[in-house]
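*Asks:* Turn this into a model:
(chains A and B)
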Amino acid sequence: EAQVTQNPRYLITVTGKKLTVTCSQNMNHEYMSWYRQDPGLGLRQIYYSMNVEVTDKGDVPEGYKVSRKEKRNFPLILESPSPNQTSLYFCASSFRLVTDTQYFGPGTRLTVL
Amino acid sequence: AQSVTQPDIHITVSEGASLELRCNYSYGATPYLFWYVQSPGQGLQLLLKYFSGDTLVQGIKGFEAEFKRSQSSFNLRKPSVHWSDAAEYFCAVGDPGGYNKLIFGAGTRLAVHP
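*Replies:* Predicted coordinates for the structure are as follows:
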């Protein structure tokens, strides 16, 4: 089954404790991205990757890191999480371009205390 | 600045009634336009998209949308709403070159009364 998986689905952590949210897709997609969803703000892009070893900042990259060492994986790293990073996070992938159909993961709800 | 506006935060309709969700955009040229739906507890799913050509676009689940260049709008419609359509709906715009990023609206939450 074609899908985007994210882990964990739910995470409660404390300020400053490094964490990684994994994202994996099995569709051989080139384009992958991370979004955060906050009430009243819709989805805002954090980082995106056009292909392996090619990443770039989205609208709200501060406090986040990403890497794309393999085509299928695109982890999101929070080196020192803060309460303002409490949000719902989505990973998405598409065939090659951002305007191709985006396939979204189920989301990761992160709470930073 | 590029932006997407969904003027209605919440909409409630009765099952079987018609539906129209509004979307307006501000963009330098005619962008690519999308509607995505987010069912409770799930990720987003593409309903339909407009790139060029016929300004009335058909999508999945019986939805359609009409692009109106003069009004910078891309409103989503459905003639008869089902209870399973209760969800949050997001309008998005993208650069025709396919690069850069998608810009999403804030979303419209749809409730359906039986």
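*Asks:* Contact partners for residue B:107?
*Replies:* A:42, B:6, B:9, B:38, B:88, B:89, B:90 (C-beta atoms under 8 Å, 6 or more residues apart in numbering or on different chains). (Each C-beta comes from the backbone N, C-alpha and C, glycine too.)
*Asks:* Please pick the buried ones from those.
*Replies:* Buried residues within those, counting neighbours by 16 or more other C-beta atoms under 10 Å in any protein chain shown: A:42, B:6, B:38, B:88, B:89, B:90.
*Asks:* ok, of those, which one's closest to residue A:103?
*Replies:* Within the buried ones among the contacts of residue B:107, the smallest distance to residue A:103 is 13.3 Å, found for residue B:38 (C-beta to C-beta).
*Asks:* check contacts around residue 82.
*Replies:* In the absence of a named chain, chain A is used. A:15, A:16, A:63, A:112.
*Asks:* try again with chain B
*Replies:* With the criterion set at C-beta under 8 Å, 6+ apart, residue B:82 makes contact with B:15, B:112.
*Asks:* what pLDDT does it get?
*Replies:* The model reports residue B:82 with a pLDDT of 96.
*Asks:* what are the phi and psi values for it?
*Replies:* phi -110, psi 150 (degrees, to the nearest 10).
*Asks:* measure it to chain A for me?
*Replies:* 22 Å (C-beta to the nearest C-beta, to the nearest Å).
*Asks:* Quickly note the distance from that residue to residue B:41.
*Replies:* Applying C-beta to C-beta, to the nearest Å, the value for residue B:82 to residue B:41 is 19 Å.
*Asks:* what does chain A have sitting close to chain B?
*Replies:* A:4, A:33, A:35, A:40-45, A:48, A:50, A:58-59, A:90, A:92, A:96-102, A:104-107 (C-beta under 8 Å from any C-beta of the partner chain).
*Asks:* May I see the ChimeraX selection of the buried members of these?
*Replies:* ChimeraX command restricting the residues of chain A next to chain B to the buried ones, with burial defined by 16+ other C-beta under 10 Å:
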select /A:4,33,35,42,43,44,45,48,50,58,90,92,97,98,99,100,102,104,105,107
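*Asks:* Which ones among the residues of chain A next to chain B map onto helices?
*Replies:* Among the residues of chain A next to chain B, no member is found in helices (DSSP state H).
*Asks:* So which of the residues of chain A next to chain B sit within strands?
*Replies:* A:4, A:33, A:35, A:42, A:43, A:44, A:45, A:48, A:50, A:90, A:92, A:104 (DSSP state E).
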